[in-house]
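Trainee: what's the 3D shape of this:
(2 chains)
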Amino acid sequence: MGIHRIRIHKKYFFKLLIGMFLAYIVGGSVIPILSEGPYYEHLFLISYGGIPLPVEDWRAYFSLLLDSLLSQLLLTFLLANYMSDDFSTCSVYIFTRSNRKGVWFAQKCTDLFFLVALYYVLQFAVLLFVGRVLARLTISDPAVFWYIVLSELFLTAMLSFCYVLTVNVLSLKMGVHYAYLSSVLLIVIFSALPMLFQNSAAVKFLPFSQSMLIWHDSKKLVPYRDFIGSSIPHFTILSSFLYLLIMIVILLFVGISIVNNMEIMGSERKD
Amino acid sequence: MKAIQMINVNKTIKGRPILNDVSLSLDSGRIYGFLGRNGSGKTMLFRAICGLIKPTSGKIYVFGKKLGSDISFPESLGVIIENVGFWPQYSGLENLKYIASIKNIIDEAQIKTSIARLGLDPGDKRSYSKYSLGMKQKLGIAQAIMEKPDLIVLDEPTNSIDEEGVISVRHILLEEKQRGATILIASHNREDIDYLSDEKFKMENGSLTNYQGGLKE
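Mentor: Got it, this is the predicted structure:
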């Protein structure tokens, strides 16, 4: 008995499609600067995971930052109300059918991670299309190509998930609009900080740095160093993965604690 | 086993007492009516019983399980409290399917039966935002009864419903009682309370008193 489990409203899948247009623009803007190759590896290295170091001034930094920043801000905007939607619409009906509020929160987090990953998978698919159509790119080394794509996908998706989780948790406390504005501020600050600390060891410990694949010290990226700039010594992909994992776990604990202590006062929408 | 036991329950919000030392013991399979003016604390009492708010002090047991420690929410509960809210872009059936998918204990046919019991058309493709106030209220009641819960908590269930609809809702609630459900109703409409209730309570300034008054008082 039972009906098909409905976890994610259709509208969120449609929302994610908007990101595909952005990916087209990102790909289109990067292709003219691909001087080496040209191979897909170069396109992926520079599109989402790369601001070549060192960067000399703020203008250069922000123009390079724009592709990944826009993508993250758009995603945060599209999914900002994912949790608060349940709260503002019919929290009473939902929670009185859930055993624990924490279980509801955990399910919402799983949905959000799936949506974030899907967003980037779609964007990367568009990037493949753009590379083929606009520049007839090919893959130089399939093993390296998949290493780059998967590393970039995981690092970018995990950092974006942290942002999306932050905005959703904040929205339960302060409403979607204030939560989004606060998160935009946070994302811009986090993204700008590496410019200040690029010559210091502290850059390894900044959240945004974790998603910059080309800053990582990886043997597989050595052949591309002329194109992607220098790496940060002893900054490994594994350490970034663990860093982001710890951030996610902390956010989950904070979120569960907030949700468990929230009283449902019935701010249901009056339609 | 008692359906509900409240022991010296208090709730204070921003220094203002909302529930004052409320104690209550309700048997299962009966209908209990709660009367009271706006702001008397009826809705807060229902929220506390449903596990939606935490009492400042006191204990609440629902079918022997303590809220807040054994369970977060009553395990078999159907509820409407104050404004009925659904996703405006979806039809009534789509809304109820989403909500039913959380527990996943009934199928689509049973959801349709519940909608039809309230006199609504389960095949109505219009979005919820196009529903009249009475239709919205009926959909809320359909939502509350569709999973055949042991406890049904209804705050102003007949608001905005026409006279014919009110009679139909009363019959449905009596059928639910026959099934064995414990039903709590708060209403301004004393006629509803008098017609349906086996026992009546009056809320005043957050305090609860047993009430014997009838329709003509």
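Trainee: All the helices of chain B, residue numbers only.
Mentor: Ranges of helices within chain B are B:42-50, B:92-103, B:108-117, B:133-145, B:163-179, B:190-196, based on DSSP state H.
Trainee: Can you give me the buried ones in the last one?
Mentor: Across helix B:190-196, burial judged by 16 or more other CB atoms under 10 Å in any protein chain shown covers B:190, B:192-196. Placement of C-beta: from N, CA and C, glycine included.
Trainee: Likewise for the fifth one?
Mentor: Applying a neighbour-count criterion of 16+ other CB under 10 Å, one finds B:165-166, B:168-170, B:172-173, B:176-177 buried in helix B:163-179.
Trainee: In CSV: these, plus distance to A:I8.
Mentor: As requested, the buried residues of helix B:163-179 are exported to CSV (distance: CB to CB, whole Å):
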residue, distance to A:I8
B:G165, 34
B:V166, 38
B:S168, 35
B:V169, 34
B:R170, 38
B:I172, 33
B:L173, 35
B:E176, 32
B:K177, 37
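Trainee: Just give me the neighbour total for A:P38.
Mentor: 16 (other CB atoms under 10 Å in any protein chain shown).
Trainee: so does stretch B:130-145 get close to chain A?
Mentor: Yes. Judged by CB under 8 Å from any CB of the partner chain, stretch B:130-145 and chain A are in contact via B:136, B:143.
Trainee: which residues sit against that stretch?
Mentor: With contact meaning CB atoms under 8 Å, 6 or more residues apart in numbering or on different chains, stretch B:130-145 is reached by A:93, A:271, B:78-80, B:84, B:86, B:92, B:95-96, B:99, B:114-115, B:117-120, B:128, B:152-154, B:157-162, B:165, B:169, B:172, B:176.
Trainee: quick one: which of the buried residues of helix B:163-179 is nearest chain A?
Mentor: Nearest to chain A, judged by CB to the nearest CB, of these is B:E176 at 16.5 Å.
Trainee: isn't that closest one right next to B:L184, touching?
Mentor: No. Counting by CB atoms under 8 Å, B:L184 is not a contact partner of B:E176; they are 11.8 Å apart.
Trainee: Setting the sequence-adjacent residues aside, check what's closest to A:M262.
Mentor: Distances taken as CB to CB, 6 or more residues apart in numbering or on different chains place A:L172 nearest to A:M262, at 6.5 Å, with adjacent residues excluded.
Trainee: Where does the prediction get shaky in chain B?
Mentor: Applying pLDDT under 70 to chain B flags the ranges B:84, B:212-217.
Trainee: from it, which residue is nearest to chain A?
Mentor: For chain B and chain A, the shortest gap (CB to the nearest CB) falls at B:G85, measuring 3.0 Å.
Trainee: which residues in the stretch 1-150 of chain A form helices?
Mentor: For the stretch 1-150 of chain A, the helices identified by DSSP state H, counting those that start in this stretch occupy A:10-30, A:40-47, A:58-79, A:82-95, A:101-135, A:142-174, in order along the chain.
Trainee: and the third one with helix A:40-47, angle?
Mentor: Between the axes of helix A:58-79 and helix A:40-47, defined by axes from the mean of the first three to the mean of the last three CA atoms, to 10 degrees, the angle is 90 degrees.
Trainee: Could I get the contacting residues of the closest residue to A:L128 other than its chain neighbours?
Mentor: Ranked by CB to CB, 6+ apart and with sequence neighbours excluded, the top spatial neighbour of A:L128 is A:Y40, at 7.1 Å. Residues touching A:Y40, when contacts are defined by CB under 8 Å, 6+ apart, comprise A:128, A:131, A:137-140, A:145.
Trainee: how about the one residue in the stretch 51-200 of chain A that gets nearest to chain B, phi and psi?
Mentor: When distances are taken as CB to the nearest CB, the stretch 51-200 of chain A reaches nearest to chain B at A:R97, 4.2 Å away. Geometry field for A:R97 lists phi and psi as phi -110, psi 0, criterion degrees, to the nearest 10.
Trainee: Which residue, other than its chain neighbours, is closest to it?
Mentor: If the residues on either side of it in the chain are set aside, A:R97 comes closest to B:I102, at 4.2 Å by CB to CB, 6+ apart.
Trainee: measure the one you found to A:C90 for me?
Mentor: 11 Å (CB to CB, to the nearest Å).
Trainee: These two - which one has more neighbours?
Mentor: The residue with more neighbours, out of B:I102 and A:C90, is A:C90; 23 against 19, by other CB under 10 Å.
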